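Q: Sharing a model that was predicted from the sequence below.
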Amino acid sequence: PGLSDHKITLEVPVCVNQLAFHLRAFFGAPVTDGADPDYEHVFKSGVSTLPFVSIQEKLQTGDYRRHVGCVGEEFKIGFDPSADGFARATFTYVGLEEQRATVAAAGTVSAAPALDRPAESLSSVLWNNVAGGQIIGGEITFKRKLKRIRAADGTGVPNRVEYDGKSTLGGSIKLR
């Protein structure tokens, strides 16, 4: 009670070229198989060491926010054939702190890969390499139970984020 709690949620398009980038930030490096253009990336949720990232956002010129020590808490992907546009995914991160800055962080930001967002009616589900059909709706949610560990120096400043129970996967998918 009364201690800071830091979370940030990103909403991204379900894009063949870009989603793997976000999944890597959330789950860590995948095991990749296959050959160009048919790569298969397997992301594992039960890793013992949680991957963490720093996220920077530009609010306007000279006003940046850096979200430091962020660990993925919840990943949600929704398919709604009646929604405008393409499917979207949300990633919620628990972080250690938000820092204000007047300039961008050092380094070079790589250009984002070109958007390749298949229509939802073209997306299909494979389960154990068996085709389940085309997706016509649904939502999947993966959630980790996390806890921010705070320093024992009386300041209440968090110094890491750890597992605090079992992760869950839930939702439903409607197939044609």
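A: All right, it came through fine.
Q: List the neighbouring strands of the biggest strand by length in the chain plus their orientation.
A: For the chain, the strand with the greatest residue count under DSSP state E is strand 63-79. Applying DSSP bridges, strand 63-79 is found paired with strand 52-60 (antiparallel), strand 88-95 (antiparallel), strand 97-101 (antiparallel), strand 130-143 (antiparallel).
Q: could you dump the second one to PDB, C-alpha only?
A: C-alpha atoms of strand 88-95 as PDB (Å, rounded to 0.1, in the frame of the first residue of the first chain):
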ATOM      1  CA  ARG A  88      -4.300  -7.100 -32.500                       C
ATOM      2  CA  ALA A  89      -2.200  -8.400 -29.700                       C
ATOM      3  CA  THR A  90      -1.500  -6.700 -26.300                       C
ATOM      4  CA  PHE A  91       1.500  -7.200 -24.100                       C
ATOM      5  CA  THR A  92       1.500  -6.000 -20.500                       C
ATOM      6  CA  TYR A  93       4.800  -5.600 -18.700                       C
ATOM      7  CA  VAL A  94       5.600  -5.100 -15.100                       C
ATOM      8  CA  GLY A  95       8.600  -2.800 -14.700                       C
END
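Q: Let me see the mean pLDDT of it.
A: Throughout strand 88-95, pLDDT has a mean value of 92.
Q: got the contact list for that strand?
A: Strand 88-95 is contacted from outside by 6-14, 19, 22, 25-26, 53, 55, 67-78, 146, 148, 161, using CB atoms under 8 Å, 6 or more residues apart in numbering. Just so you know, the C-beta spots here come from the backbone N, C-alpha and C atoms, and that holds for glycine as well.
Q: Identify each buried residue in that strand, please.
A: Neighbour-count burial for strand 88-95 flags 88-89, 91-95 (criterion: 16 or more other CB atoms under 10 Å).
Q: do the same with the longest one
A: By neighbour count with 16+ other CB under 10 Å, strand 130-143 contains the buried residues 135, 137-138, 142-143.
Q: Centre of the chain to it, how far?
A: Mean-position distance between strand 130-143 and its chain equals 17 Å (CA atoms, centre = their mean, to the nearest Å).
Q: Show me where this protein dips below the pLDDT cut-off.
A: Along the chain, the model assigns pLDDT under 70 to residues 1-4, 118-126.
Q: State the three-state secondary structure for Ala20.
A: Recorded secondary structure, Ala20: helix (DSSP: H, G, I helix; E, B strand; the rest coil).
Q: now the spatially closest residue to it that is not a sequence neighbour: how far from Ala152?
A: Spatial nearest neighbour of Ala20, chain neighbours left out: His41 (5.5 Å); criterion: CB to CB, 6 or more residues apart in numbering. To Ala152, His41 is 40 Å away according to CB to CB, to the nearest Å.
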